[in-house]
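Novice: need a structure here:
(one chain, ligands or ions: 2)
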Amino acid sequence: MSEPDALRTAEAGRTIEAVVANLARVVHAPDETLRLCVLCLVAEGHLILEDFPGVGKTMLAKALARSLDVSFSRIQFTPDLLPSDVTGVNVFNQRTNEFEFRPGPVFANLLLADEINRASPKTQAALLECMQEQQVTVDGESYELARPFVVLATQNPIEYEGTYPLPEAQLDRFTMRLQIGYPPLPEEARMLTEQTADPPLDSLQPVADARDAVALAEEARAIYVEESLNRYIVALLRATRADTRLYLGASPRAGIALLRVAKARALADGRDYLSPDDVRAVAVPVLAHRLIVAPEARSTGLTDAAIVQDVLAKTPVPV
Ligand SMILES: Nc1ncnc2c1ncn2[C@@H]1O[C@H](COP(=O)(O)OP(=O)(O)OP(=O)(O)O)[C@@H](O)[C@H]1O
Ligand SMILES: [Mg+2]
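Specialist: Ligands and ions are numbered 1, 2, ... in the order given. This is a model prediction of the structure:
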């Protein structure tokens with residue numbers, strides 16, 4: 001590693017940690033959870049937050065946007081939401097006698113898609129297409145989305161009535177699934193004081209900007225990966241495919257996501273090369289939501305996350 005590269009990598013690691021520390025000032029959640037959110041962004045991925053109401057999901061999204069000084073928009077998904085409510089529409093301008101494109105909320109750096117499973121499959125598909133293509137096409141015209149572009153989609157794990165759960169094929173397009181969970185007692189108590197006296201989000205200052213975010217993503221791409229680690233990732237994927245407790249294993253796309261996030265973790269650590277630990281540390285949040293546990297296994301209480309843990313324990317780690 002040459003000297004300037006080493007410096008750049010170390011600097012990138014410090015920037016990521018600064019963003020994580022900034023989030024921690026506002027959101028009471030384990031540092032590892034907050035770090036994973038930032039890694040998802042550095043990996044240029046999209047995130048599913050599956051959690052109960054009122055645990056700080058919106059707070060987290062706003063704090064992330066504020067920390068990086070990027071544009072933020074929010075869509076509440078409802079059954080009557082139309083694809084054009086997400087992407088934007090062409091409207092007729094009477095003065096110029098021409099149609100002009102009015103961009104929808106998807107044209108932001110950070111988009112919070114609240115309760116994504118409440119919208120019709122058609123509208124869900126419109127959002128997922130934007131995520132996949134990094135662009136919007138309306139009446140044959142294409143419009144580039146912003147960079148960085150990150151979707152934080154929330155799903156409520158208890159209310160399934162009247163919802164359209166995302167099919168696995170669509171879940172696969174999300175890089176990561178995370179839960180925030182309830183804070184430990186002392187933290188929750190402290191949060192009560194903060195929120196009712198002087199909410200920390202109001203005074204949160206940016207620690208980086210959109211250009212830094214794009215630069216971090218570029219740095220992460222350049223992380224060196226030894227061939228044995230590519231093979232290790234594929235071995236993990238294949239182990240899920242061969243697992244009889246699973247009805248659906250991990251796709252090749254899952255492998256790409258796993259490598260991207262693992263590279264982001266190496267960068268956060270100030271390293272310019274990947275280690276097996278990077279892969280292991282992010283495997284559950286990157287892989288678990290893509291798997292379908294077979295009904296017999298599910299009835300014994302086995303979860304997708306537990307199966308990923310098991311696969312990690314059984315697959316030989318390259319030395
Ligand atoms: N872990 C947490 N850290 C900091 N604040 C929190 C946390 N959990 C809840 N809060 C506070 O509770 C309130 C509700 O949080 P927020 O709106 O972010 O929840 P949510 O998960 O988005 O809920 P919903 O599912 O209803 O959208 C906010 O004032 C927020 O500050
Ligand atoms: Mg919310």
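Novice: what pLDDT does the residue nearest to residue 100 when sequence neighbours are not counted get?
Specialist: Counting by CB to CB, 6 or more residues apart in numbering, residue 93 is the residue found nearest to residue 100 once chain neighbours are left out, at 5.2 Å. In this view, the C-beta of every residue, glycine as well, is placed from N, C-alpha and C. Predicted confidence (pLDDT) for residue 93: 92.
Novice: and what of residue 1?
Specialist: Reported pLDDT for residue 1: 51.
Novice: One more: residue 118?
Specialist: The score at residue 118 is 89. That number is its pLDDT.
Novice: swap in residue 162?
Specialist: 64.
Novice: quick one: low-confidence ranges for the stretch 51-200 of the chain?
Specialist: Residue ranges of the stretch 51-200 of the chain with pLDDT under 70: 159-162.
Novice: ranges for the strands of it?
Specialist: All strands of the stretch 51-200 of the chain, identified by DSSP state E, counting those that start in this stretch, fall at 72-76, 88-93, 98-103, 110-114, 135-138, 141-144, 150-155, 176-178.
Novice: So what are the sheet partners of the last one and their directions?
Specialist: For strand 176-178, the paired strands and their directions (DSSP bridges) read strand 47-50 (parallel).
Novice: Count the neighbours of the residue in the chain positioned nearest to ligand 2 for me.
Specialist: Taking CB to the ion, ligand 2 has its nearest neighbour within the chain at residue 58, 3.2 Å off. Using other CB atoms under 10 Å, the number of residues around residue 58 comes to 15.
Novice: Look at the residue nearest to residue 100 and say how many residues are nearby.
Specialist: Residues lying near residue 93 (other CB under 10 Å) number 11.
Novice: so what's it bridging to?
Specialist: residue 98.
Novice: and the gap between it and residue 102?
Specialist: 10 Å (CB to CB, to the nearest Å).
Novice: wait, doesn't the residue nearest to residue 100 sit right on residue 101?
Specialist: No. With contact defined as CB atoms under 8 Å, residue 93 does not count as touching residue 101 (10.5 Å).
Novice: picking that back up, can you tell me the closest non-neighbouring residue to the residue of the chain closest to ligand 2?
Specialist: Among residues not flanking residue 58 along the chain, residue 112 sits closest, at 6.6 Å (CB to CB, 6+ apart).
Novice: who touches the one you found in this structure?
Specialist: Listed by CB atoms under 8 Å, 6 or more residues apart in numbering, the contact set of residue 112 reads 57-58, 61, 72-75, 152, 154.
Novice: got the residues of the stretch 101-250 of the chain near ligand 2?
Specialist: Contact residues (CB under 5 Å from the ion) of the stretch 101-250 of the chain with ligand 2: there are none.
Novice: If I look at the residue minimising distance to the centre of the chain, what pLDDT would I see?
Specialist: What sits nearest the mean C-alpha location of the chain, by CA atoms, centre = their mean, is residue 47, with 2.2 Å. What the model reports as pLDDT for residue 47 is 97.
Novice: got the contact list for it?
Specialist: 37, 40, 150-153, 174-178.
Novice: Can you redo those as JSON lines, where the extra columns are distance to residue 230 and neighbour count?
Specialist: Listed next are those as JSON lines, based on distance: CB to CB, whole Å; neighbours: other CB atoms under 10 Å:
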{"residue": "37", "distance to residue 230": "26", "neighbour count": "26"}
{"residue": "40", "distance to residue 230": "21", "neighbour count": "28"}
{"residue": "150", "distance to residue 230": "25", "neighbour count": "27"}
{"residue": "151", "distance to residue 230": "27", "neighbour count": "23"}
{"residue": "152", "distance to residue 230": "29", "neighbour count": "27"}
{"residue": "153", "distance to residue 230": "29", "neighbour count": "27"}
{"residue": "174", "distance to residue 230": "22", "neighbour count": "23"}
{"residue": "175", "distance to residue 230": "18", "neighbour count": "29"}
{"residue": "176", "distance to residue 230": "20", "neighbour count": "24"}
{"residue": "177", "distance to residue 230": "23", "neighbour count": "23"}
{"residue": "178", "distance to residue 230": "25", "neighbour count": "23"}
